[in-house]
Each structure stands twice: as C-alpha cells, then as structure tokens.
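*Asks:* Kindly generate the corresponding structure for this input.
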Amino acid sequence: MPPQIMRRTDELLTMTVTPGAKKIFQTIYRAQTGVIEKIDENIVRLSVSDMISRMAFYYEKLRNAVHYREEHLLRKDAIERILKRQLNIENPIKWKSSDSHASARHLLIELIRAGYLPNNTLPETKVDETAIIIDKYLAVKRARGEFSNWLIGLAAAEIEELVGPDQVSKTTISVMYSMLEKRLELPASLPYERDLPIQLYLAIYRCLLKYDQDMLALILMRYFNGDWLNASNETIQHVTKNFSALKRLIDAQLKHPLSTQLDRIVSTYTVYFNILKDVIAEDPVAVYDEFFEDPKAFPRRIKKACAKRYAAARTKLWRAAWRSIIYILLTKSIFVILLEIPAAQFFGSVVNPIALVINVSFPAFLLFFAVAIARLPGEDNTKRIIAGIEEIVFEEKRKTDPIPVRKPIGRHPVMNVIFGLVYAVTFFISFGLVVWLLEAINFSWVSTVIFLFFLAFVSFFIIRIRRNAKEWVVVESRDNIFRFLLDFFSVPIVATGKWLSTKFSQINVFVFVLDFIIEAPFKIFVDIAEEWTKYVRERKERI
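*Replies:* Residues are numbered from 1 along each chain as shown. Predicted coordinates:
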C-alpha cells in the first residue's frame, strides 16, 4: 500500500503538504515498489546475444565520438538514424510495401544491441506498438509521395517516447504546469492568451526533459490534431492535405516570442522539482513522516541532495569535455593535418611545425582549461533551492503572487542598425587581435585561417558544455567589468562557432563514411552473427 498522505491535526503538525507534492510522493513510492507496473515473467521479451551486442555497442561508441550529441538525445538520434538507413539503404522495397512489423522489430533489436535499451526486458508487444507508429507515418509518406526529414524526426520522437515512458516525469510535469499556470500573468497588451498554455507546456518539456525540436514538434502535432496518438484514416488524410500549413504553424509555435521568457521562469522551477524528486526517492515514507516528527530534517536532506547534484554536474561536465576532446581529436585535428600541410605546399608557404602543433593541440587544451575553471553553485544557491522546494511542498509557503510575463522589448530600427554596426566592429576587433598575435609568432595565413576556424568552433563547444555546471544555478551571478569585456569580445567568436558547427555537421565526412559505407554492411554482419549463434545453440540443444 502507498503511504497514507493525509492532513493531520495533532500538535506535531506545523505544515500542510500540497496536493501536488502528495502526487509526486505517491508516484515515486509506487514506481519504487512496482505498483505502477508488475513484471509478468510469462511475457515473451526481446533478447539478443550479449557477445554479439558488444560489437554493436562499441561501434555505437565510435559513432557518437565522431558526431557529438547531447547524452539525453543519443537514443532518439539513433532511432532517427536507423529509420533513415532502413528507408534509404537497407529495406526501401519493404518500406514501400508497408512491412512495418519487420522494420519495427529490427529497430528495437538494434537499440538493444547498441545498449540504448536493456536486454531481455522489453516485451514483444512493443514491436506491434512500434509498427503502428511506423505505419502511421508511412501512410502520410504514401499520400505525400515523399518522406521528409521532418517527418522521420517526428516518427523517431514518438518511438523514443514509446520505449522510454516515465510516470514520475509525467506526474512532475502535471504538477509543475498546474502550479505555474495559475500564477503566470500576461499584460493586456499581449495577444498571446490562447498561446500561453501550450507555450508553458512546451517550456516545461524543454527544460525538465530537455526535449529537442522534433520532440516538441510531436507535442504540437498532437495539440493541433487531438487523436494523432491513435490517428484514424481521416486524421491522416487531414494532416496530409494540410501538411505544409501544419508545419508552418508548428514552426511558428516553436519560435514563439514568449518561449525565451518562459524558459527562464521554468528552468528555475525545474531545479526545484528535480531536487525534490531526489529527496523523495531516498525514502518516500521516511521523508513524509519527518515533516511531522523532525521538521528540520527536510532542509538537511535538500542540502545533501544539492551536494550530490553539484558533484554529479562536475562529473557530467568532465565526461562531456572528454567526449568533446575525443571528438575534436578524431575529426577536427585529423582535418588540420590533412588540410594544412597540402594547402601550405599548394600556395607555396612553408609548413611551420610550431603552428601545426598549436593547431592540433590548442582546441583540446582550451576546452580542458575552460572546464577546469568552471565553478559549481555555492551556499546561496542551495538556500534558494530550499526555499523554492518548500514553496512547492507546503501550503503555508506557497506563493500566490502573479509571475508577470512581460512584453518582449522591441527596439527602434535605428538602434538595431547602430547595435549591428557596433557588433560588426567588435567582430573585426576580436578576430583582428587573434590574427595579430598569430602573426607575431610567424603563423602563415593558411595556419591562421585554420586556427580561427577551430577557435570559433571550440568556443561554441565550451559554452554548450559549461551548461552542465550552470544547470543547477538559480541565483544569478553578478556582472563585473571582467565578465562584460569577456562577453564583449567572445560573443562574435562564439556566434561564428555556432554557425560553423551547424554547417560542419552537415558535411561531416566521418559521419557520412560511418552511416552510408560502414554501418549498413556492419549491421548486416551483426545480424548474420546473431543468427549463427542461435543456430549453434539450437544444434547444441539437439545433441
């Protein structure tokens, strides 16, 4: 039985637990005790050979090393990649004949082999459910005559959601939405009253579960087509007929003017709810009982949970840094050696060994240094988290004052022109200083161009990686002259790095070789090896 979370009237009671907090307590308790889902040993489950899976697992590690993605998106990215390979290389004829069941089984087996799903755990029924999803998107493809990358991204997002359900996260989203929806207040001058609920919902998924654009687009697809989860033929025909208009509508919602401001609000409460879940997960019954028996124990537990999260953030920060360093060494540094020496010879320049060494080693060193000096949250941050969690858990500390959603500030066109000119000057000053320093140590123009390329690229990587250290920060840091100057000169470099990262990812030669030349035959080899192990096992059993 779940803990009896109800109001008490004895002298020990000092606080009243909110209904939302009770739901989170109960959901976590049920998840831990198996009340949500009892495992039936008689259900047939998908299983693969552990020995064969190791090959696929290590291949996947190599693939992720040369194509950097956020860790929480690796499985969804793998699903999308497998779907594209099945569609374009391996089974285009089967896909045309709607053999979705075979494609679904193959997809789930690959995910298990690669370590994205546990072995011998997923029930066979997931194959049928996955096939239904594939069938739905194939129906849209047949009606449109093509299968766009956007549509494949939606299919991958829906399959990712199917294989990774989390009841605790769903309850948390519901409680957070209910809490913030009552407090958000739009000014009368903003015409976004109808958009605010869905924008808040998207912000919660974006901040709490770190959904990417495809996963958020799936939420909007269901928002605009209520029965998309179990789409009827009429719904599929409607989506197909209005596909272009629907995509424009979804894209407009993903770029909504309220999104940045709501993300800022929701990200703070995301920290509160995640720490609260950590505290409850230690022992739901004991934590709840302590509200009445030892009121000071709850803040102590929150401090302990914060310390663990800060330490985990440091570990995650270094893990992401090493992944990025390996990614840079495997791709960009090899690119330097292959490009700089031939380019220098072609243009009649002398290859500078010092410049070559700097171009190969500097990106990794800069990333390592930036991570080493990253600071974790302090005591003030923990105190703010304690206050925020108590606001969620106790009725007496719940805030009812509205959270204003301000009108996005619009600048006069003249100011935009002036700021654009200042930014352009800053751009040339930032890169000009770097070029001047490189010329002082006898860099050729070829080596200089390559250095600038990697400086911009790695600067953008550093910003992305250091988010792990800032993920648990709820107290804004104070501005100072050093931070102002650093931002003033670094923003143009980081912005350039973002642009280069986007363009380079589209022409990543290593990813192309792995995906279109190596992966398909390798996966066929793995399939054959898997069947061979089954055959040998069957022969052995007959003996």
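
*Asks:* Just the buried residues of stretch 357-374, please?
*Replies:* Along stretch 357-374, these residues count as buried under the neighbour rule (16 or more other CB atoms under 10 Å): 358, 359, 360, 363, 364, 366, 367, 370, 371, 374. For glycine as for every other residue, the C-beta is placed from the backbone atoms N, C-alpha and C.

*Asks:* cool, stretch 166-175 as well?
*Replies:* 168, 169, 171, 172, 173, 175.

*Asks:* Same check on stretch 430-439?
*Replies:* 430, 431, 434, 435, 438.

*Asks:* just to revisit the earlier point, pick out whichever of the buried residues of stretch 166-175 sits closest to residue 161.
*Replies:* residue 169 (10.9 Å; CB to CB).

*Asks:* check contacts around residue 158.
*Replies:* 133, 218 (CB atoms under 8 Å, 6 or more residues apart in numbering).

*Asks:* Which helix in the protein has the most residues?
*Replies:* helix 297-327 (DSSP state H).

*Asks:* which other helices and strands contact that one?
*Replies:* Contact here means 3 or more CB pairs under 8 Å, 6 or more residues apart in numbering; DSSP states H and E; on that basis helix 297-327 packs against helix 50-65, helix 259-282, helix 284-293, helix 353-372, helix 379-393, helix 445-470.

*Asks:* Quick one: closest of the ones you listed to residue 248.
*Replies:* That would be helix 259-282 among those, by CB to CB, at 16.7 Å.

*Asks:* got the buried residues for that closest one?
*Replies:* For helix 259-282, by 16+ other CB under 10 Å, it's 259, 261-263, 265-280.

*Asks:* any chance of the helices and strands packed on helix 297-327 in TSV, with distance to residue 488 and mean pLDDT too?
*Replies:* Converted to TSV, those look like this (distance: least, CB to CB, whole Å; pLDDT from 0 to 100):
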stretch	distance to residue 488	mean pLDDT
helix 50-65	35	66
helix 259-282	21	94
helix 284-293	47	88
helix 353-372	18	80
helix 379-393	26	93
helix 445-470	14	80
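
*Asks:* Averaging pLDDT per element, find the lowest-scoring helix or strand in this protein.
*Replies:* Lowest by mean pLDDT, DSSP states H and E among the helices and strands of the chain is helix 92-96, with a mean of 49.

*Asks:* tell me the SS of residue 48?
*Replies:* coil (DSSP: H, G, I helix; E, B strand; the rest coil).

*Asks:* Quick check: phi and psi on residue 194?
*Replies:* phi -70, psi -30 (degrees, to the nearest 10).

*Asks:* Closest one of the buried residues of stretch 430-439 to residue 476?
*Replies:* Using CB to CB, these come closest to residue 476 at residue 430, 25.5 Å.

*Asks:* list the contacts for that closest one?
*Replies:* 489, 490, 492, 493.

*Asks:* Tell me the secondary structure at the second one.
*Replies:* Three-state assignment for residue 490 (three-state DSSP): helix.

*Asks:* What distance do you get for it to residue 112?
*Replies:* Computed as CB to CB, to the nearest Å, the residue 490 to residue 112 distance reads 43 Å.

*Asks:* Looking at these two, which is more packed in?
*Replies:* residue 112 (23 against 16; other CB atoms under 10 Å).

*Asks:* Can you tell me the element the more buried one falls in?
*Replies:* According to DSSP states H and E, residue 112 maps onto helix 100-113.

*Asks:* low pLDDT regions in the stretch 1-150 of the chain?
*Replies:* 1-14, 35-42, 51-53, 55-69, 89-98 (pLDDT under 70).

*Asks:* Quick check, pLDDT for residue 158.
*Replies:* Per-residue pLDDT puts residue 158 at 94.

*Asks:* That one: what secondary structure?
*Replies:* Using three-state DSSP, the structure places residue 158 in helix.

*Asks:* ok, back up a step: sort out for me which of the buried residues of stretch 166-175 are in strands.
*Replies:* The members of the buried residues of stretch 166-175 all map outside strands under DSSP state E.

*Asks:* Could you point out which of those residues is nearest to residue 26?
*Replies:* Top of the list for closeness to residue 26, among these and by CB to CB, is residue 171 at 8.3 Å.

*Asks:* any idea how far the closest residue to that closest one other than its chain neighbours lies from residue 155?
*Replies:* Leaving aside its chain neighbours, residue 171 sits nearest to residue 27 (4.2 Å; criterion: CB to CB, 6 or more residues apart in numbering). According to CB to CB, residue 27 and residue 155 sit 29 Å apart.

*Asks:* same check, this time on residue 44
*Replies:* Residue 44 is 25 Å from residue 155, by CB to CB.

*Asks:* Out of these two, name the residue with the larger neighbour count.
*Replies:* The residue with more neighbours, out of residue 44 and residue 155, is residue 155; 24 against 8, by other CB under 10 Å.

*Asks:* now the helix or strand that the more buried one is a member of and helix 100-113, what's the angle there?
*Replies:* Residue 155 belongs to helix 149-163 when assigned by DSSP H and E. Helix 149-163 and helix 100-113 are oriented at 70 degrees to each other (axes from the mean of the first three to the mean of the last three CA atoms, to 10 degrees).

*Asks:* Need the CA coordinates for helix 149-163. CSV is fine.
*Replies:* This file holds the C-alpha atoms of helix 149-163, laid out as CSV (Å, rounded to 0.1, in the frame of the first residue of the first chain):
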residue,chain,number,x,y,z
ASN,A,149,13.5,14.5,-42.6
TRP,A,150,11.0,16.4,-40.5
LEU,A,151,8.5,13.5,-40.7
ILE,A,152,11.2,11.0,-39.9
GLY,A,153,12.1,13.2,-36.9
LEU,A,154,8.5,13.1,-35.7
ALA,A,155,8.4,9.3,-36.0
ALA,A,156,11.7,8.9,-34.1
ALA,A,157,10.4,11.2,-31.3
GLU,A,158,7.2,9.1,-31.0
ILE,A,159,9.1,5.9,-30.8
GLU,A,160,11.5,7.4,-28.3
GLU,A,161,8.5,8.3,-26.2
LEU,A,162,7.1,4.8,-26.5
VAL,A,163,10.2,2.9,-25.4
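
*Asks:* Spit out the contact partners of the nearest residue to residue 107 once chain neighbours are set aside.
*Replies:* Excluding its sequence neighbours, the residue lying closest to residue 107 (CB to CB, 6+ apart) is residue 82, at 5.3 Å. Going by CB under 8 Å, 6+ apart, residue 82 touches 106, 107, 110, 111.

*Asks:* what's around the last one, how many residues?
*Replies:* Read that as residue 111. Neighbour count for residue 111, taken as other CB under 10 Å: 22.

*Asks:* Stretch 26-33: how far from the chain's middle?
*Replies:* For stretch 26-33, the separation from the chain centroid amounts to 25 Å (computed by CA atoms, centre = their mean, to the nearest Å).

*Asks:* Check stretch 400-410 too.
*Replies:* With CA atoms, centre = their mean as the basis, the mean position of stretch 400-410 lies at 27 Å from the chain mean.

*Asks:* Buried residues, it. List them.
*Replies:* The neighbour-count check on stretch 400-410 (16+ other CB under 10 Å) flags residue 405 as buried.

*Asks:* Could you pull up the mean pLDDT of it?
*Replies:* Mean predicted lDDT for stretch 400-410 stands at 80.

*Asks:* Mind exporting the C-alpha coordinates of that stretch to CSV?
*Replies:* The C-alpha coordinates for stretch 400-410 follow below in CSV (Å, rounded to 0.1, in the frame of the first residue of the first chain):
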residue,chain,number,x,y,z
THR,A,400,0.2,33.2,-4.9
ASP,A,401,1.5,36.5,-6.3
PRO,A,402,1.4,36.6,-10.1
ILE,A,403,4.5,35.9,-12.2
PRO,A,404,4.4,38.7,-14.8
VAL,A,405,5.1,37.7,-18.4
ARG,A,406,6.5,40.9,-19.9
LYS,A,407,6.0,42.2,-23.4
PRO,A,408,9.1,41.4,-25.5
ILE,A,409,11.1,44.6,-25.8
GLY,A,410,11.2,45.9,-29.3
